[in-house]
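**Student:** Attaching a predicted model along with its sequence, questions to come.
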Amino acid sequence: MFILAQILTALVAIEHLYILWMEMFAWETAGKKTFKNFPPELFKPTKGLAANQGLYNGFLAAGLIWSFLISDAQWAENVRIFFLTCVIVAGIFGALTASKKIFFVQALPAILALIAVLLASAIN
């Protein structure tokens, strides 16, 4: 279960690194392909807003990556739980305010990772 928790956490971190890249550096290219319902003429004027959102996603990824670099197992687990919970809250908020798809793309993978982390902790 520990390895599954590590893999799922890493996948959530990678996803948020991708979101960082797309929103900060490829908003007018990859962003258009991802957000097809967003009016095309609004990508350029919202580039700064998207970059700000991307930066926040980068902080989430950084926190999850940091959890792999902490040598104390309990501290690493606490950091991982905190950042996975942040991703879940952000994903639920996004689903409620922007698109229900956000729940499945962001919150659900983090929920699965968090469950794996908590089960791995309970087993140990």
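**Tutor:** Cool, the structure landed. In this text, all values refer to a predicted model and were calculated from it rather than measured experimentally. Residues are numbered from 1 along each chain as shown.
**Student:** Please make it C-alpha for all contacts and neighbour counts, starting now.
**Tutor:** Will do.
**Student:** wait, what's in contact with the closest residue to Gln106 other than its chain neighbours?
**Tutor:** Spatial nearest neighbour of Gln106, chain neighbours left out: Gly91 (5.3 Å); criterion: C-alpha to C-alpha, 6 or more residues apart in numbering. Neighbouring residues of Gly91 by C-alpha atoms under 8 Å, 6 or more residues apart in numbering: 102-103, 106-107.
**Student:** Now go through those and say which are in helices.
**Tutor:** If you go by DSSP state H, the contacts of Gly91 have Ile102 in helices.
**Student:** Would you mind giving me the ChimeraX syntax to select the buried ones in the contacts of Gly91?
**Tutor:** Applying 16 or more other C-alpha atoms under 10 Å to the contacts of Gly91, the buried members can be selected in ChimeraX as follows:
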select :102,103,106,107
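**Student:** Looking at the contacts of Gly91, which one is closest to Trp27?
**Tutor:** Ile102 (17.2 Å; C-alpha to C-alpha).
**Student:** Tell me how many other residues crowd the residue nearest to the closest one when sequence neighbours are not counted.
**Tutor:** Nearest non-adjacent residue to Ile102, counting by C-alpha to C-alpha, 6+ apart: Ala95, 5.1 Å away. Number of residues near Ala95 (other C-alpha atoms under 10 Å) recorded here: 18.
**Student:** Which pLDDT does the model give Ala95?
**Tutor:** Confidence at Ala95, expressed as pLDDT, is 96.
**Student:** Identify each buried residue in the one helix or strand it maps to, please.
**Tutor:** Assigned by DSSP states H and E, Ala95 falls within helix 73-97. Using 16+ other C-alpha under 10 Å as the test for burial, helix 73-97 gives 76-77, 79-95.
**Student:** I'm done for today, thanks for sticking with me.
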